[in-house]
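J.: this is a predicted model, with the sequence first.
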Amino acid sequence: MTRAQCVAFSTSILFAVLVSGCAIAPTAETQAKQAELARTTPVCVSDADCKAKWDAAQLWIVHNAGYKLQTVTDVLLSTYNSVGGSPDIAVQVTKEPIGGGKYKILVSVSCDNLFGCVPNQWDAALDFNKTVSAVTP
C-alpha cells in the first residue's frame, strides 16, 4: 500500500468513527422530550374537532416551518424537505385513526444539519402538540 493509499484509508476510518460517534443513543433530555411528545399527541374526537385541529396544524406549519407546504390533504400535511445542510425545519403531519371516530395527529420535525435544527426539532414538535391540542371547535 502506498503512502497516499494509507493516508486515504486512515482518513476514511477516522471519518467513519467520527460519524458513528454522532449516532450514539439519545441523551436523557432528548428521551424525556420524546416521551413528552408521545404523551401530548393531539387527539381529535369529532368531525368539527378534527377540522379545527387540522386547520391549526396547517397554520402552525405556515408560521414555524422553514419550508413551504408541498402536500396538503385530509390526512397529510408535508413541507418541502430540508436540504443543503440547512438547520431550518421541515415538517410532516399525519392524521391517523385510533378507533371510535377518534384520530391522533402526529408530527415529525427534521432538518438537514448535522449539528441540529433551528428551532430544536423536539422543542418545535412539543410546541406543535401544545398548540394543536389547545384548539377547540
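T.: Nice, thanks for sending it over.

J.: so how far does stretch 115-122 reach from one end to the other?
T.: End-to-end span of stretch 115-122 (C-alpha to C-alpha, to the nearest Å): 14 Å.

J.: tell me the contacts of the closest residue in space to residue 51 that isn't next to it in sequence?
T.: Spatial nearest neighbour of residue 51, excluding adjacent residues (C-beta to C-beta, 6 or more residues apart in numbering): residue 137 at 7.2 Å. For every residue, glycine as well, the C-beta is placed using N, CA and C. For residue 137, the contacting residues are 46, 48-49, 51-52, by C-beta atoms under 8 Å, 6 or more residues apart in numbering.

J.: recalculate using a threshold of 7 Å.
T.: The contact partners of residue 137, by C-beta atoms under 7 Å, 6 or more residues apart in numbering, come to 48-49, 52.

J.: ok, which stretches of the protein are helices?
T.: Assigned by DSSP state H, the helices in the chain fall at 3-22, 28-39, 47-64, 121-133.

J.: what does the second one contact?
T.: Surrounding helix 28-39, the residues in contact under the criterion C-beta under 7 Å, 6+ apart are 122, 125-126, 129.

J.: how does it look with 8 Å?
T.: 26, 122-123, 125-126, 129.

J.: next one: the most centrally placed residue in the chain from residue 128, what distance?
T.: With distances taken as C-alpha atoms, centre = their mean, residue 109 lies nearest the centre of the chain, 1.5 Å away. For residue 109, the distance to residue 128 equals 7 Å [C-beta to C-beta, to the nearest Å].

J.: which residues are common contacts for those two?
T.: residue 91.
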